[in-house]
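Enquirer: only geometry, no sequence info:
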């Protein structure tokens with residue numbers, strides 16, 4: 001273990017890493033329920049999607065742990081799966097096989113870019129203040145996701161507002177209350193430096209929910225609100241054949257080459273900068289960046305991400321990418337690939353006991369996301385906001401602002417990069433900007449025009 005993961009060098013131990021890996025998995029387990037639900041709207045078999053998601057997550061996360069020795073986990077990306085289901089297959093009307101083929105080619109392109117150091121060069125070209133801003137922005141973003149999962153934030157006249165606890169109290173209301181309790185519980189345990197505080201908080205909140213169900217306080221309606229007790233059924237593994245290899249059974253002549261390229265480039269852009277943003281943000285929080293803001297193990301990390309995307313498309317799921325919820329494991333003390341390996345094993349095990357894992361309710365994992373959001377937000381103190389550094393501070397601010405409000409990590413990076421180049425060029429500091437940043441700015445602007 002020590003030779004493979006360098007535990008002592010990174011100030012951790014086996015127990016902490018396993019706790020962190022379980023914590024990361026618990027915060028990501030919702031994808032095993034959400035992804036089949038979203039992709040089944042395209043006509044894909046739900047059980048097949050579940051198995052494909054588990055296996056692709058296992059492959060990608062295991063590669064991340066073994067070859068990059070980083071505590072990051074991968075799974076089907078939220079947002080990318082919705083783009084595939086509701087835009088590509090829904091609004092544009094393409095068969096899901098075509099969408100999977102676009103994801104497959106995207107993964108192949110990423111493998112090439114990773115081998116040729118292009119993705120690594122992009123990572124290194126982003127200035128340190130923007131990297132810190134990405135960490136802060138991701139913190140706000142995942143905290144916002146946590147508030148939504150907890151049903152604390154709902155839509156309203158002002159776009160978002162706090163939930164009315166008295167309305168639908170036996171479902172939405174009590175879940176929001178339990179999430180608040182769980183958030184305070186995790187915060188208190190974390191302050192007291194209780195080992196595994198985040199994981200304890202998730203399980204404790206879930207147990208409180210089951211107690212409320214037994215007491216009749218929480219009443220499932222079996223439509224939108226389900227029983228909090230896990231099932232014990234086995235999974236039908238033969239279903240995987242309904243999606244495996246289907247990405248190669250396409251006729252691009254019926255779709256149109258140009259239209260297909262537009263779809264593929266859309267996947268490519270979003271996945272590239274979502275992944276870079278997540279790696280920057282989580283690595284920054286884990287103190288894994290060097291003095292120049294570089295991640296030493298960036299190349300194998302990007303390769304693991306590319307391999308996961310390619311294998312996921314073959315298995316039958318949307319783009320597999322590094323998950324921002326990896327920050328939960330980092331917040332629990334994860335610092336090496338052993339955290340990722342633990343998460344990978346749990347994804348593989350979930351193919352056997354999927355009904356148990358998917359039963360973890362979102363209001364139980366929401367407190368973890370909210371608290372981890374705070375931990376990542378603390379990086380804001382590393383950004384200098386005095387007048388001398390306004391040319392980097394204002395782009396950092398715009399990057400932070402964009403992520404939660406635009407609900408996208410990649411959009412936050414895009415706004416940050418564009419504003420950084422424009423402001424520095426206009427203020428006579430064009431020479432200090434990495435040439436790659438100019439290229440990225442042009443590409444981002446073209447993306448907004450054509451994609």
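Expert: Structure received. For clarity, every value in this text was computed on a predicted model and none was experimentally measured.

Enquirer: In contact with residue 181, which residues?
Expert: With contact taken as Cβ atoms under 8 Å, 6 or more residues apart in numbering, residue 181 is in contact with 205, 208. From N, CA and C alone the C-beta is placed, and that goes for glycine too.

Enquirer: check contacts around residue 66.
Expert: Residue 66 neighbours (Cβ under 8 Å, 6+ apart): 4, 337, 341.

Enquirer: Buried only: go through those residues for me.
Expert: Buried subset of those (neighbour count, 16 or more other Cβ atoms under 10 Å): 337, 341.

Enquirer: okay, the contacts of residue 66 in TSV with secondary structure, distance to residue 190 and pLDDT next?
Expert: Converted to TSV, the contacts of residue 66 look like this (DSSP: H, G, I helix; E, B strand; the rest coil; distance: Cβ to Cβ, whole Å; pLDDT from 0 to 100):
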residue	secondary structure	distance to residue 190	pLDDT
4	helix	29	89
337	helix	24	93
341	helix	24	97
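
Enquirer: which of the contacts of residue 66 lies closest to residue 114?
Expert: Comparing these against residue 114 with Cβ to Cβ places residue 337 closest, at 17.6 Å.

Enquirer: roughly how far apart are that closest one and residue 348?
Expert: Applying Cβ to Cβ, to the nearest Å, the value for residue 337 to residue 348 is 16 Å.

Enquirer: give me the element the residue lying closest to residue 447 once chain neighbours are set aside is part of.
Expert: Leaving aside its chain neighbours, residue 447 sits nearest to residue 269 (5.6 Å; criterion: Cβ to Cβ, 6 or more residues apart in numbering). Per DSSP states H and E: residue 269 is located in helix 257-285.

Enquirer: Contacts only, for the residue nearest the centre of the chain.
Expert: Closest to where the C-alpha atoms of the chain average out (Cα atoms, centre = their mean) is residue 323, at 2.8 Å. Applying Cβ under 8 Å, 6+ apart to residue 323 gives the contacts 24, 28, 31, 72-75, 77, 278.

Enquirer: Looking at the residues you listed, spot the one nearest residue 13.
Expert: Nearest to residue 13 out of the contacts of residue 323 is residue 24 (Cβ to Cβ; 16.9 Å).

Enquirer: before we move on, what SS does the closest one have?
Expert: helix (DSSP: H, G, I helix; E, B strand; the rest coil).

Enquirer: With residue 321 instead?
Expert: strand.

Enquirer: list the contacts for it?
Expert: Contacts of residue 321 (Cβ under 8 Å, 6+ apart): 74-77, 80, 271, 274-275, 278, 305, 308-309.

Enquirer: The same query, at a cut-off of 6 Å, please.
Expert: Shown in contact with residue 321 (Cβ atoms under 6 Å, 6 or more residues apart in numbering): 77, 271, 274-275.
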